[in-house]
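Engineer: A predicted structure for the sequence below; I have some questions about it.
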Amino acid sequence: MKYFLFLTAFITSTLTAQMLPERDRSLLKDELLANRFNTVLPMLMDRTEIDMWLVISREYNEDPVMKTMLPAKWLNARRRTILVFYRNQAQGLIEKLAVARYDVGENIVSAWDKEKQPDQWARLVEIIEERNPNKIGINMSEHFGIADGLVVTDYKELKEALPQQWEDKLVSAEKLAVGWIETRTDQEMELYNTLVEVTHGIIDEAFSDKVITPGTTTTDDVVWWLRQKVTDMGLETWFHPTIDVQRSEEALKSHIYSFSKGEKNKVILPGDLLHCDFGITYIGLNTDCQQHAYVLREGEQEVPDFLKEAFAKGNRIQDIFTGNFETGKSGNEILLKSLSEGKAEGMRPSIYTHPLGTYGHSAGPTIGMWDSQGGVPGTGDYPLFENTVYAIELNTTVTLPEWSKDIRIMLEEAGFYGENGFRYVNGRQEAIKPISW
């Protein structure tokens, strides 16, 4: 026991040590952003054949895309901020301009002198005319909320300001916006590895006798321990975590209960199969993780074999699913193929994986929803691209004769898809965590 307490204390101090001070976080955020502007942005503008991209927002009503483009010292847009990105592929040029009174950090330079041109929209038209773009992308999208950030007032004023020849060149920047949000750089993936490692470490500590005393600790106690832990580490949660319980004498709850109701304040007991859903935010990236733990009964030294076997089926569904990742395949294609293969092996899978990264529920191909197992129109039709991250979220229902009931093995881990195929960002859970007491 003394060794275990030492180990959890060591884990806590090690995790905290991995977090940078605020000033260093700011420097790293701006460094990552500069790299994205100079590498990811021109590649995506070439891929989508949009040579000018307008991102327009007003303070406190920011376009979701603009939020990801603001430097560390800008917590919000200022007044009306108009960003203009111009790509001349032939000349290898990428211009990053702001029709605003200020430079937007070190990456985007102000291109508006209000004393020379009092009208902000008129200055935007001048910039457009000077560059003569073929396509002008604006953030409007039917299916992707993150790519639909141009509000009606700004859209109306933009159209009123543009001469007809430029208005005719307006196109949806949906694919460009989604690509910007979903694409990860090598630098970001190094950070991501640390972030997922920290997430796993926090869960390890939560699912331990440092936090849980069977018969006393409630599910809400663990939830609020997680929230406090994240705050104490100088991090943020992007959603309120959940802890739920499956036990032998209680029937399996429905999906709608699991995903919307959850366990509010249930006392944790020996023999409980615990499940968490937990994610954190750090320097513009997010994690999303679901893992299991088992509270050992008196006399038990390890997790029962029947639960180990059930858990292995969850890992098998993960393997089937991620083995179907292929560049260009749509989320719906990957979903249906994976479900078919899992069922062919006699299992009962449900897959509801989402893009993960700049946002928790991010942009990119939706690969199932818990209540849409036949495919998701629109976002599910979007193709898989390389250098993207996903919350590999799924479950499989398993019958336990020992408990005379069904349980669900519910798993979620950050996974990266790149030129060498799929890999987990920082491993995955491959065994249920035992909680001794």
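Structural biologist: Okay, I see it.
Engineer: make it CA atoms for all contacts and neighbour counts henceforth
Structural biologist: OK.
Engineer: Could you pull out the strands in the stretch 151-300 of the chain for me?
Structural biologist: For the stretch 151-300 of the chain, the strands defined by DSSP state E, counting those that start in this stretch cover 170-172, 236-237, 242-246, 273-278, 280-282, 285-286, 289-295.
Engineer: give me the low-pLDDT residue ranges for the stretch 251-400 of the chain?
Structural biologist: The model of the stretch 251-400 of the chain has pLDDT under 70 over residues 255-263.
Engineer: All the helices of it, residue numbers only.
Structural biologist: Along the stretch 251-400 of the chain, counting by DSSP state H, counting those that start in this stretch, helices occupy 255-256, 305-322, 331-344.
Engineer: Give me the contact list for the last one.
Structural biologist: Residues outside helix 331-344 that contact it (CA atoms under 8 Å, 6 or more residues apart in numbering) are 317, 320-321, 324-325, 348-351, 365-368, 373-376, 379-384.
Engineer: do that again at 6 Å, thanks
Structural biologist: With contact meaning CA atoms under 6 Å, 6 or more residues apart in numbering, helix 331-344 is reached by Phe321, Asn324, Pro365, Thr366, Ile367, Gly375, Gly380, Asp381.
Engineer: and what of stretch 419-428?
Structural biologist: Asn193, Ala414, Gly415, Phe416.
Engineer: Sort out for me which of those are in strands.
Structural biologist: Ala414, Gly415, Phe416 (DSSP state E).
Engineer: Of those residues, which is the most crowded?
Structural biologist: Most neighbours among the ones in strands among the contacts of stretch 419-428, by other CA atoms under 10 Å: Ala414, with 26 neighbours.
Engineer: Contacts only, for that residue.
Structural biologist: So Ala414 contacts Tyr390, Ala391, Val425 (CA under 6 Å, 6+ apart).
Engineer: Check the burial of the last one by counting its neighbours.
Structural biologist: This points to Val425. Val425 has 21 nearby residues by other CA under 10 Å.
Engineer: Show me what the spatially closest residue to it that is not a sequence neighbour is bridged to.
Structural biologist: Nearest residue to Val425 in three dimensions, chain neighbours excluded: Gly415, at 5.1 Å (CA to CA, 6 or more residues apart in numbering). Under DSSP bridges, the beta-bridge partners of Gly415 are Tyr390, Tyr424.
Engineer: Which residues are in contact with Gly415?
Structural biologist: Val389, Tyr390, Arg423, Tyr424, Val425.
Engineer: The same query, at a cut-off of 8 Å, please.
Structural biologist: Val389, Tyr390, Ala391, Ile392, Phe422, Arg423, Tyr424, Val425.
Engineer: For Glu22, see how far away it is.
Structural biologist: Per CA to CA, to the nearest Å, Gly415 is found 27 Å from Glu22.
Engineer: Trp53 now?
Structural biologist: 31 Å.
Engineer: Looking at those two, which is more packed in?
Structural biologist: Each of Trp53 and Glu22 has its neighbours counted (other CA under 10 Å); Trp53 has more, 25 against 12.
Engineer: I'd like to know how many residues surround Val152.
Structural biologist: With other CA under 10 Å as criterion, Val152 counts 9.
Engineer: cool, the one 3 residues further on as well?
Structural biologist: By the measure other CA under 10 Å, the count of residues near Tyr155 is 15.
Engineer: and what of the one 5 residues further on?
Structural biologist: The number of residues packed near Glu160 is 12, by other CA under 10 Å.
Engineer: just Glu174 next, same as before
Structural biologist: 22.
Engineer: tell me the contacts of it?
Structural biologist: Glu174 neighbours (CA under 8 Å, 6+ apart): Ile138, Asn139, Met140, Ser141, Phe144, Ala147, Asp148.
Engineer: circling back to that earlier point, in JSON lines: the contacts of Ala414, plus distance to Val99.
Structural biologist: Converted to JSON lines, these look like this (distance: CA to CA, whole Å):
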{"residue": "Tyr390", "distance to Val99": "35"}
{"residue": "Ala391", "distance to Val99": "36"}
{"residue": "Val425", "distance to Val99": "38"}
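Engineer: Domain-wise, how is this protein divided?
Structural biologist: 22-181, 185-435 (automatic domain parsing).
Engineer: how close does the closest residue to Ser436 other than its chain neighbours sit to Phe306?
Structural biologist: In this structure, Ser436 finds its nearest non-sequential neighbour in Leu296, 5.7 Å apart by CA to CA, 6+ apart. Leu296 is 14 Å from Phe306, where distance means CA to CA.
Engineer: Out of the strands of the stretch 151-300 of the chain, flag the one nearest Pro64.
Structural biologist: Minimum separation from Pro64 across the strands of the stretch 151-300 of the chain (CA to CA) falls at strand 285-286, 14.0 Å.
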